[in-house]
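structure of the sequence below:
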Amino acid sequence: MMHRIASGCARRLAAVAAPGGARLMSECAPQAPWWDKGIKFSCTQCGRCCTRPGIVMVNDKEIAEMAKSLDSEESAFREKYVLPDLFAGRRLIRQYQGQGCSLLDANRNCSVYKARPTQCRTYPFWPHLLRSRDEMLAEGDRYCEGIRVAPSPETDALEPISREEVILNAKVQSLYTDGGQETYDGSMAALRQDMSRLPEYEREFS
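Modelled structure (predicted):
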């Protein structure tokens, strides 16, 4: 698709006289993503994303971290919260029908919030949600009161998550989906070692 668009622009530019060239160059120039100035988001721990239909994948390092955060033996943690069968090379957190994630406490708060899995840490900066502002808005309406994309008086003073952080979180999630076996912190630290690749990552999600 990118190649066809670029070729089309080139043909149009070649076919017009010089006076119109500047306008066409502007039309064909790459457009900044809708989140170029960041995304206003603040997790409220409302629990809506934790009770939505779906799965939560975890790897062995994450399981160890979550068990430690609960002062639990890893074997006991696995027995209580982790399904025994593998899914795409990863384990799955137990989900209770109609109640959501098994790691929610009695107050519907995440009991391992500071050690929660990559999939949860990167939300809502998932690649497919960055493709469209409308998709992000719809996600907020359905599952996340912390997504503040739509302008409103209550969000005016909220500092946006920076463009750089949005890109890094999306890349961490992408690596994880592709089978990454690191924790969120481990993946983020590795990416920060070479920030010169940020434009490359941005192109993946724009």
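
how many neighbouring residues does Gly47 have?
When neighbours are defined as other CB atoms under 10 Å, Gly47 has 17 of them. The way it works is simple: take the backbone N, C-alpha and C, and place the C-beta from them, glycine included.

then the one 5 residues further on?
Under the neighbour criterion other CB under 10 Å, Arg52 is assigned a count of 14.

that one belongs to a strand?
No: the assignment for Arg52 (DSSP: H, G, I helix; E, B strand; the rest coil) gives coil, which keeps it out of a strand.

need the nearest residue in space to it, chain neighbours excluded.
Beyond its immediate neighbours in the sequence, the residue positioned closest to Arg52 (CB to CB, 6 or more residues apart in numbering) is Tyr143, lying 5.0 Å away.

wait, doesn't that neighbour sit right on Gly54?
No: contact criterion CB atoms under 8 Å: Tyr143 and Gly54 do not qualify, at 9.6 Å.

show the model's pLDDT score for the residue nearest to Arg52.
What the model reports as pLDDT for Tyr143 is 95.

which ones are touching it?
The neighbours of Tyr143, taking CB atoms under 8 Å, 6 or more residues apart in numbering as the test, are Arg48, Cys49, Arg52.

distance of the nearest residue to the second one once chain neighbours are set aside from Gly100?
Right, Cys49. Distance criterion CB to CB, 6+ apart; nearest residue to Cys49, sequence neighbours excluded, is Tyr143 at 5.0 Å. Noted for Tyr143: a distance of 11 Å to Gly100, by CB to CB, to the nearest Å.

shared neighbours, the two?
Shared contacts of Tyr143 and Gly100, defined by CB under 8 Å, 6+ apart, are found at Arg52.
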